[in-house]
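>>> the following comprises the amino acid sequence and a computationally predicted model.
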Amino acid sequence: MYSFKEIISSLNNKNDLAKDEAFFISESMFKGTLSDSEIKNVLIALNTKGICTDEVVGFAKAMRKISTKVVTDEKVIDCCGTGGDGINTFNISTCSAFISAASGVKVAKHGNKAITSNSGSADVLHDAGAKLDLSPEKVSQCINEVNFGFMFAPLHHQAMKNVAASRKEIAPNKTIFNMLGPITNPANAQIQLIGVFDKSAMHLVADSLMELGTSKAIVLNSRDGMDEASIYAETDIIEIKDNVKTHYTINPKDYGITGKNIDSIKTSNERSSLDFIFSVINNEESDAKEICVLNAALSVMLYKDIELNDSIAQCRESLSEYKVRDKFNQYIDFTNQV
């Protein structure tokens, strides 16, 4: 049996936690047995020392243990970013998920309200009129019928409320929890596309996914700092397949995709994430559309095990035939009818 005192002392001495130590301290947070200041001290100590794979895995296992699960027989993918890149783009991963869904991919999206950005996936879906409080059974039905289901993190990880105040106090600085959201999918998505806020975190997330048993994944970070595949710069990728990591780089120009100005995809008081998403699903030409095509295509490629050029073509077709707009509206309607 461990104690808070032992754990914080070890961290302050720059010692990595073993998986069972990380499991213990995170479970203590989730059970509400630690104060906000104690939680904050642990999170800051982890950041100061540098987070290791065993710590991520230990925290993730504790989160998964107490989460409210979504049971589905479908092969599902989750596509999301860790957040915290500080660039304040519109919600690219959410928009991309609908392109993927319209292209024949089953998406089990796990998301939350914004913590370090202007708009989280939950914010934009709520603004679009979706109901977020679906039961696990209804989320499963939504995935089956619509190809897209959204799992609002606070409903599936209710114990996270015990760390919310400490996270907010530390924000905009990232914590281990930025990495945990994407790897604690309540539907146990075995295929994952995860954008990370820093290149140095790529192997950490990839190794954690492998340790947790994920079958296929892409972990990426763009060279302009986004936790998305970029259309303005090359993107570094670690792909996991058959328990083997492969590292490569993609250049959007090689796939006929270019962007004009990164500022054009940033949210502002005048233009919200939802405005961008409406523009994309209506197939309006823009940098927003191009970056969503690229990110959706990576999910389709991974899910269907096809070439990236082919998945890009499928995503463009889904947009040009307004299948994405139909899929988006189908999802909103489903959540309001159940």
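On my side now, so go ahead.
>>> what sits against the residue nearest the centre of the chain?
In the chain, the C-alpha nearest the mean C-alpha coordinate belongs to residue 80, at 2.3 Å (CA atoms, centre = their mean). Contact analysis of residue 80 by CB atoms under 8 Å, 6 or more residues apart in numbering lists 93, 109-111, 121, 181-182, 193-195. All C-beta spots, glycine's among them, are computed from the backbone N, C-alpha and C.
>>> what's the following helix or strand after the helix or strand where it lies?
In this assignment (DSSP states H and E), residue 80 forms part of strand 77-81. Tracing the chain past strand 77-81, the next element assigned as helix or strand by DSSP H and E is helix 92-102.
>>> pretty sure residue 189 contacts residue 77?
Yes - with contacts counted by CB atoms under 8 Å, residue 189 reaches residue 77, the gap being 5.9 Å.
>>> okay, and the common contacts of the two?
Contact with both residue 189 and residue 77 is made by residues residue 108, according to CB under 8 Å, 6+ apart.
>>> rewinding a little: closest to residue 101 out of the contacts of residue 80?
Nearest to residue 101 among the contacts of residue 80, counting by CB to CB, is residue 109 at 9.2 Å.
>>> measure that closest one to residue 319 for me?
Distance from residue 109 to residue 319, counting by CB to CB, to the nearest Å: 19 Å.
>>> look at those two and report which has more neighbours.
residue 109 (28 against 24; other CB atoms under 10 Å).
>>> quick one: secondary structure of the more buried one?
strand (DSSP: H, G, I helix; E, B strand; the rest coil).
>>> partners of it in the sheet?
For residue 109, the beta-bridge partners are residue 150 (DSSP bridges).
>>> ok, it touching residue 121?
Yes - using CB under 8 Å, residue 109 makes contact with residue 121 at a distance of 6.5 Å.
>>> can you list residues touching both of these two?
Going by CB under 8 Å, 6+ apart, residues that sit against residue 109 and also against residue 121 are 80, 93-94, 150.
>>> give the closest residue to residue 44 in space, chain neighbours not counted.
residue 170 (6.8 Å; CB to CB, 6 or more residues apart in numbering).
>>> before we move on, what about residue 70?
residue 187 is the one closest to residue 70 (CB to CB, 6+ apart), at 4.1 Å.
>>> what's the burial count for that neighbour?
For residue 187, using other CB under 10 Å, the count is 25.
>>> tell me the contacts of it?
69-72, 76, 78, 108, 110, 139-140, 143, 149, 151.
>>> the same query, at a cut-off of 7 Å, please.
70, 72, 76, 108, 151 (CB atoms under 7 Å, 6 or more residues apart in numbering).
>>> what about the fourth one, neighbour count?
When counting by other CB under 10 Å, one arrives at 28 neighbours for residue 108.
>>> can you give me the pLDDT of the residue nearest to residue 44?
At residue 170, the pLDDT value in this model is 94.
>>> what do you get for residue 197?
Value for residue 197, per-residue pLDDT: 86.
>>> measure it to residue 19 for me?
23 Å.
>>> picking up where we left off before, reformat the contacts of residue 80 as JSON lines; add distance to residue 8.
Formatted as JSON lines, those follow (distance: CB to CB, whole Å):
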{"residue": "93", "distance to residue 8": "34"}
{"residue": "109", "distance to residue 8": "35"}
{"residue": "110", "distance to residue 8": "30"}
{"residue": "111", "distance to residue 8": "31"}
{"residue": "121", "distance to residue 8": "33"}
{"residue": "181", "distance to residue 8": "24"}
{"residue": "182", "distance to residue 8": "26"}
{"residue": "193", "distance to residue 8": "35"}
{"residue": "194", "distance to residue 8": "29"}
{"residue": "195", "distance to residue 8": "31"}
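>>> which one of the residues you listed is nearest residue 302?
residue 193 (6.2 Å).
>>> quick one: the helix or strand containing that closest one to strand 77-81, angle?
According to DSSP H and E, residue 193 maps onto strand 191-195. Relative orientation of strand 191-195 versus strand 77-81 (axes from the mean of the first three to the mean of the last three CA atoms, to 10 degrees): 10 degrees.
>>> which residue ranges of the stretch 51-200 of the chain form helices?
53-66, 92-102, 121-127, 136-146, 153-156, 161-170, 176-183 (DSSP state H, counting those that start in this stretch).
>>> sorry, back to before: out of residue 197 and residue 19, which sits in the busier spot?
Shown here are residue 197 and residue 19; by other CB under 10 Å, residue 197 has more neighbours (21 against 18).
>>> so that one makes contact with residue 172?
No - here residue 197 does not reach residue 172: they are 10.8 Å apart, not a contact under CB atoms under 7 Å.
>>> worst-scoring helix or strand of the chain, pLDDT-wise?
helix 176-183 (a mean of 90; mean pLDDT, DSSP states H and E).
>>> buried residues, the longest helix seen in the chain. List them.
Counting by DSSP state H, the longest helix found in the chain is helix 287-304. Across helix 287-304, burial judged by 16 or more other CB atoms under 10 Å covers 287-303.
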